[in-house]
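Asks: can't give you the sequence, but here's the structure:
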């Protein structure tokens, strides 16, 4: 058992060293039954000048934009080899989260975000592959 504790403890040192070497900010949050590691994304630097476009959005597109801006709690992260984790997240959204929340499903589009599979060793079958599910909600 002490071997595993030492491996776990040395992981913190490695995280600290790697993040410091790369100039990446991180923090830990203590939880009731463990902790949460937060790694902050660095600001993107670009030599491309900022460009602004005027766009006219349809009513549906405006509703989707409103959901994305106002209901951050209607976003559900998903990690793992697809499609099972995505199916499980959808099951939990509708059988657990939605019934227990102050929200109900609203008219609009469900949105799914998929990471670029080329950024993962095993593509969409990689255990670290990332996706998100966004659902339109309104208060009950």
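Replies: Cool, got the structure. These numbers were taken from a predicted model, which means no experiment stands behind them. Numbers count the residues shown, from 1 in each chain.
Asks: which one is residue 134 nearest to, not counting chain neighbours?
Replies: Setting aside the residues directly before and after it, residue 134 is nearest to residue 111 in space (CB to CB, 6 or more residues apart in numbering), at 4.0 Å. Where you see a C-beta, it was placed from the backbone N, CA and C, and this is true even at glycine.
Asks: Please tell me how far the one you found sits from residue 77.
Replies: Computed as CB to CB, to the nearest Å, the residue 111 to residue 77 distance reads 13 Å.
Asks: more neighbours, those two?
Replies: When residue 111 and residue 77 are compared for neighbours, residue 111 comes out ahead with 15 against 11, by other CB atoms under 10 Å.
Asks: my guess is the more buried one contacts residue 76, does it?
Replies: No - the pair residue 111 / residue 76 is not scored as a contact, 10.7 Å apart, by CB atoms under 8 Å.
Asks: so what sits against both of these two?
Replies: Overlap between the neighbourhoods of residue 111 and residue 76 consists of 133, 134, 135, taking contacts as CB atoms under 8 Å, 6 or more residues apart in numbering.
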